[in-house]
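1. here's a sequence, model it:
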Amino acid sequence: MAGAAGGAALFPGVGPGAARAYARAGTGNGSRKAAAAGTPVPRTPALEKFVDPLPVPPTAVPDPSAYPGADYYEVTMRQGSWRFHRDLGPATVWGYWAAGPGGSGPIGMGCLGPTLVAATGRPTVVKYRNELPATHLFQSVIDAIRDGDPRLTPVAPPPYTSEPPFPPNVNVWNVVHLHGGRTAPQSDGLPKQSYGPDGFHAEDYGTLDPGRAAPNEAIYAYAGHDRSSMLWYHDHAMGMTTVNVYAGLAGLYLVRDPADDGLGLPRGEFEVPLILQDRTFHADGSLAYTMTQRDGEDTPVVNGKAYPFLEVEPRRYRLRVLNASNERFWRLRFDVPAGVLPQPSLPFWLIGTDSGLRAPLSMRNFLIGPAERYDLIVDFGPLPMGTDVTLTNYDARVHFPGGDGPEISDVMRFRVTRPLSGGGDTTTPPRKLKPPAVAPASPAPGTFRREWVVYQHKLPGTMTFNAVPFAAPSEDFVTSGATEIWEYVNLNRDAHPMHVHLVDFQVLDRQPFDAAGYRADYEKWLDGGRRPQDRPVLANHLTGPPIPPEPDEALSRKDTVKAYPETVTRIVVPEFSPPTGTIASLPGSGTEFPATYVHHCHLLEHEDNDLMRPWTIVAPAG
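-> Purely as a prediction, here's the structure:
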C-alpha cells in the first residue's frame with residue numbers, strides 16, 4: 001500500500017530550523033488578509049451532514065456541423081441561483097451554461113458548468129459568451145484591489161513599478177482557460193485576454209472567426225488530444241481569477257479515447273466526477289468570501305453541494321477527483337465503521353493523474369493540491385449492504401503543511417444501499433488493468449535547467465517568480481521541441497501547486513536546501529544589480545540528496561506539481577510543442593512563433609497576487 005506520509009517525512013526541508021525561520025519571517029504566505037481589525041469572520045451555520053444527494057454536472061451536447069471535423073460548443077457565463085444545502089437558502093452564483101442541441105434550453109446547474117467531452121484526435125471549437133453583471137458578486141474585493149490596498153494589490157519588487165491589475169472602469173471581466181489543454185496561445189485563456197460583459201477588452205484579447213463573435217464573446221479552438229484524460233476549464237481573468245472561480249466559474253472537460261473501452265473500466269453511472277471545493281455561507285445561504293480575512297473556507301462542497309451523499313452498489317466505481325478549491329489541499333481517505341474491515345479505511349487504486357492513465361497503484365490515502373486530478377477505482381463490493389463510507393479529510397491544512405485556516409474533516413458519504421445491477425460487476429480488477437505505459441523521465445546529461453525562485457521582497461506581501469512581476473515582459477525563451485528541467489526553488493513556508501500551461505511533465509525529484517542562507521545570498525544579488533554572473537549557485541545551498549517523486553507522482557503525466565516548502569522541486573518537460581497546424585479549418589488557429597504562455601501557482605490568491613510569469617517558445621534556429 002502506498003500513501004502520503006505525515007509531517008516532516010514528506011518535506012525534508014521542514015524541521016525545527018525551518019519552524020524557527022518561519023517564526024522570524026511571520027506568516028509569509030502572501031494571501032489576502034485585508035479585514036479591518038475587529039471585523040467578525042463569517043462562519044457557516046451548523047449544517048446536517050449527508051442529507052443532499054450528490055449532483056452530477058450534466059454533459060453538454062456538441063454540434064458537429066458548425067466547423068468541419070470538429071465538435072462545437074457555445075458556452076455562456078451567467079449569474080443565477082443555486083442551493084448548496086437543504087437547510088440553506090438559495091445563493092446568487094455564477095456558472096457556465098452550454099447551448100442545448102437544436103435550439104433547446106441551456107445545459108448547466110447554476111454554479112460550475114456542464115461537462116464538455118472531446119474525442120482523442122478530434123479538435124473542439126468553443127464560443128465563450130460573457131453575460132455576467134457589470135458589478136461583481138464580490139465587489140468589495142474588487143474595490144479594495146482597485147484602491148491599492150497593499151495586502152490585496154500586487155506590489156512589484158524593486159526596481160520595478162507596480163501596475164494595477166485591471167483598469168479603473170472594470171469590475172467584471174473574464175476569460176476561460178482549458179487547464180491541461182494543448183492549445184495555441186491565442187486560445188489559451190491567458191489573463192491579458194480577458195473581456196467584459198460590456199465588450200471591454202484587455203490588451204491581448206482576441207478571437208478566432210471574428211465575424212461570428214460579438215464584443216462580449218471569444219471563439220477558441222483546441223487541438224485534439226492524443227490520450228484520454230480529465231482536464232477542466234475555469235476562469236483566468238487578470239487580477240480577479242480568485243473571486244471569479246469562487247463565484248462558480250469552473251467545469252470539467254473529458255477527453256475520451258475509444259481504445260479505453262477495451263480496458264474494462266467502470267463507466268456510465270459508475271464513473272462519477274467529484275469536484276472538491278470549500279466555501280463559507282452566510283445564514284441566508286449566500287456565499288461569503290472570507291479569504292480576505294483568513295486562509296480557506298469552512299465547509300466542504302462536492303459538485304456544488306455541501307456534505308452530499310451518493311448511494312452506490314456493491315461494485316467498483318471510477319471516481320474522477322478534481323481539487324477546484326482556491327487554496328485548500330485535501331488529504332483524503334475512505335473511512336468505514338469499526339469492525340467492517342480489518343483496517344479503518346477502504347483501500348483503493350490510483351489509475352490516473354492530471355494528464356491521463358498510469359500503472360495502477362494501491363493506496364489508502366492521497367494528498368491532492370489545488371488543480372490536481374486523481375483518477376481512482378474504489379471497490380465497494382467487499383462491504384456489507386448498508387455500510388456507510390465517509391470520504392474524510394485529515395492532517396491537511398489550507399496552506400499546506402502549516403496553515404491556520406478552518407479544518408474540515410467529513411467531506412461526503414457513500415451509502416452501499418443499491419442492489420447490484422446488470423448481472424454483476426464485469427469491470428476489470430484494478431490490479432489486472434493494463435493501460436498504456438508511461439515511459440520514465442530520463443533527461444540526458446546536460447539538459448538545460450531553468451530556475452524559478454518563489455520570492456517575497458516583503459513579509460508578508462506579494463510573491464513573485466525570480467523577483468520579477470507578472471507585468472514585466474517575458475525573459476525566458478524555450479526552443480520549440482526542446483527538453484528542459486524546471487526547478488521550483490521554494491523559499492516560502494507553504495507548499496505551492498505549480499501549473500505550467502500547454503505542457504505535460506513528469507516529476508523528477510525534490511531536494512532540501514538551506515532556504516535562509518540562499519535567501520540571504522539571493523537578496524545580496526538583487527541589491528547588487530542582478531548581474532547574471534553573480535547569481536547565487538543553488539547547488540551550494542543544497543542540504544541533502546535528491547528525493548524521488550512520491551509513488552502517486554512517479555510514472556505519471558502531470559500539469560500541476562506540489563512545490564514543497566524549503567525544497568527544490570524539479571520537473572522534466574519532455575517537449576515544448578504547441579499545435580502549429582490549422583485547427584478545424586479556422587484561419588489563424590495554429591501557433592506562430594514566438595508564442596508566449598504562462599505558469600503560476602494555483603493557489604488562486606497567490607496567482608492573482610503576482611506569483612505568475614510569462615515564458616516564450618521560439619522557433620528552432622534556421
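2. can you show me the helices along the stretch 501-622 of the chain?
-> Secondary structure of the stretch 501-622 of the chain by DSSP state H, counting those that start in this stretch: the helices cover 515-527, 604-608.
3. among these, which is nearest residue 399?
-> Comparing those against residue 399 with C-beta to C-beta, the closest turns out to be helix 604-608 (9.6 Å). Backbone N, C-alpha and C define where each C-beta goes, glycine included.
4. count of neighbours near residue 354?
-> For residue 354, the neighbour count with other C-beta atoms under 10 Å is 25.
5. actually, residue 170.
-> Other residues within reach of residue 170, judged by other C-beta under 10 Å, total 23.
6. go through the helices of the stretch 501-622 of the chain and pick out the most buried.
-> Among the helices of the stretch 501-622 of the chain, ranked by average contacts under mean count of other C-beta atoms under 10 Å, first place goes to helix 604-608 (a mean of 27).
7. just checking, what packs against it?
-> In terms of contacts (3 or more C-beta pairs under 8 Å, 6 or more residues apart in numbering; DSSP states H and E), helix 604-608 is packed against helix 241-247, strand 595-601.
8. any chance of the helices of the stretch 501-622 of the chain in CSV, plus distance to residue 417?
-> As requested, those are exported to CSV (distance: least, C-beta to C-beta, whole Å):
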stretch, distance to residue 417
helix 515-527, 51
helix 604-608, 37
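9. pretty sure residue 152 contacts residue 292?
-> Yes: in this structure residue 152 lies within contact range of residue 292 using C-beta atoms under 8 Å: 7.0 Å.
10. confidence score at residue 441?
-> Each residue has a pLDDT score; the one for residue 441 is 87.
11. is it in contact with residue 506, as I believe?
-> Yes: with contact defined as C-beta under 8 Å, residue 441 and residue 506 form a contacting pair (3.9 Å).
12. overlap in contacts, these two.
-> For the pair residue 441 and residue 506, residues contacting each of them under the criterion C-beta atoms under 8 Å, 6 or more residues apart in numbering are 572, 574.
13. between these two, which one's more packed in?
-> The residue with more neighbours, out of residue 441 and residue 506 and counting by other C-beta under 10 Å, is residue 506; that gives 24 against 20.
14. please name the bridge partners of the closest residue in space to residue 571 that isn't next to it in sequence.
-> Counting by C-beta to C-beta, 6 or more residues apart in numbering, residue 571 lies nearest to residue 505, which is 4.4 Å off, once chain neighbours are set aside. With DSSP bridges as the criterion, the beta-bridge partners of residue 505 are residue 558.
15. swap in residue 220?
-> Note on residue 220: beta-bridge partners residue 126, judged by DSSP bridges.
16. what is the neighbour count of it?
-> Residue neighbour count, defined by other C-beta under 10 Å, stands at 28 for residue 220.
17. go on, the one 5 residues further on?
-> Summarising burial for residue 225: neighbours were counted as other C-beta under 10 Å, giving 24.
18. is it in contact with residue 118, as I believe?
-> Yes: counting by C-beta under 8 Å, residue 225 does reach residue 118; the two are 6.8 Å apart.
19. mind listing what's buried in stretch 358-377?
-> Of the residues in stretch 358-377, those with enough neighbours to count as buried (16 or more other C-beta atoms under 10 Å) are 358-361, 363-377.
20. how about stretch 122-136?
-> Of all the residues in stretch 122-136, those buried under the rule 16+ other C-beta under 10 Å are 122, 123, 124, 125, 126, 127, 128, 129, 130, 132, 136.
21. now do the contacts for residue 207.
-> When the contact criterion is C-beta under 8 Å, 6+ apart, the partners of residue 207 are 213, 217, 218, 219, 220.
22. no no, residue 535
-> Listed by C-beta under 8 Å, 6+ apart, the contact set of residue 535 reads residue 525.
23. same deal with residue 186?
-> 193, 206, 208, 220, 588, 589.
24. excluding chain neighbours, what is closest to residue 391?
-> By the measure of C-beta to C-beta, 6+ apart, the closest residue to residue 391 outside its immediate chain neighbours is residue 411, 4.4 Å from it.
25. re earlier: distance to residue 42 and mean pLDDT added to the helices of the stretch 501-622 of the chain, as a markdown table?
-> Shown next, in a markdown table, are those (distance: least, C-beta to C-beta, whole Å; pLDDT from 0 to 100):
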| stretch | distance to residue 42 | mean pLDDT |
| --- | --- | --- |
| helix 515-527 | 35 | 97 |
| helix 604-608 | 17 | 96 |
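26. what's the closest of the ones you listed to residue 338?
-> Of all the helices of the stretch 501-622 of the chain, helix 604-608 comes closest under C-beta to C-beta, at 38.6 Å.
27. off-centre distance for the closest one?
-> In terms of C-alpha atoms, centre = their mean, to the nearest Å, the gap separating the centre of helix 604-608 from the centre of its chain is 11 Å.
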